[in-house]
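Engineer: Generate a structure from the sequence data that follows.
(one chain, ligands or ions: 1)
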Amino acid sequence: MKDLLRTHTSLQEGIEKLLNLQSKIENDASSKYLAMASWLDRNGFENTAGYMYKQAEEERTHFLKVFKYITEIGGIAITPVVAEVKQEFSSFKEVFEIALQNEIAVTHAVNKIIAKCRLENDYATEEFMMWYVKEQREEEINARRALELFDLIDEDSASGKFELDKQIAKIGSVEA
Ligand code: OFO
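Structural biologist: As a prediction, this is how the structure comes out:
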């Protein structure tokens with residue numbers, strides 16, 4: 001079955017595996033942002049919750065994009081198992097510390113696929129993955145911007161919380 005399939009696609013098996021892993025990573029990212037949105041919502045950060053719901057939706061489109069690409073190029077797209085995600089956070093700031101760490105990890109995963117594509121001369125997948133390179137650059141910038149706001153505004157005061165909630169929600173609307 002496998003051999004037959006490989007005669008019908010130029011997609012190399014190792015790259016297919018990495019792409020399926022990426023689809024899982026993107027799907028997990030969507031779940032992680034959804035859990036963050038829920039925590040923010042129930043802790044009074046309504047505007048930032050809206051920002052996170054949007055992020056969760058975006059990650060879902062990133063997941064589908066890579067999932068469809070695998071099929072389109074003749075591979076087998078595996079529906080990812082939904083991961084357990086963190087539901088509780090110790091502070092408003094911790095949400096963004098974790099969000100930034102997640103984004104950095106995703107960037108590394110994207111780079112790993114591209115490195116493998118270069119090794120295997122898979123220029124089609126390399127070109128496809130360049131979209132993710134740009135996306136990750138923007139998302140890392142946004143997460144860092146949010147964290148910087150915590151250095152400027154005091155999270156411990158009520159007015160600080162109010163201000164942070166307002167300012168962070170604006171981040172997505174400003175082009176990186
Ligand atoms: Fe999928 O864009 Fe970040 O993680």
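
Engineer: Let's verify D151: helix, strand, or coil?
Structural biologist: helix (DSSP: H, G, I helix; E, B strand; the rest coil).

Engineer: got a pLDDT number for it?
Structural biologist: Looking at D151, its pLDDT reads 95.

Engineer: roughly how far apart are it and the ligand?
Structural biologist: Counting by Cβ to the nearest ligand atom, to the nearest Å, the gap from D151 to the ligand is 23 Å. Where C-beta positions appear, they are placed from N, C-alpha and C, glycine not excepted.

Engineer: and the next element down the chain from the helix-or-strand element of the chain with minimal mean pLDDT?
Structural biologist: When the helices and strands of the chain are scored by mean pLDDT, DSSP states H and E, helix 2-6 comes last with a mean of 57. Per DSSP states H and E, helix 2-6 leads on to helix 13-42 as the next helix or strand towards the C-terminus.

Engineer: just how off-centre is that next one within its chain?
Structural biologist: 6 Å (Cα atoms, centre = their mean, to the nearest Å).

Engineer: In terms of secondary structure, what does the host helix or strand of K65 contact?
Structural biologist: Assigned by DSSP H and E, K65 belongs to helix 46-72. Applying 3 or more Cβ pairs under 8 Å, 6 or more residues apart in numbering; DSSP states H and E, we find helix 46-72 packed against helix 13-42, helix 92-120, helix 123-152, helix 158-171.

Engineer: Output the ones you listed in CSV, with distance to V82 and mean neighbour count appended to each entry.
Structural biologist: Below are those laid out as CSV (distance: least, Cβ to Cβ, whole Å; neighbours: other Cβ atoms under 10 Å):
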stretch, distance to V82, mean neighbour count
helix 13-42, 6, 20
helix 92-120, 16, 17
helix 123-152, 21, 16
helix 158-171, 27, 16
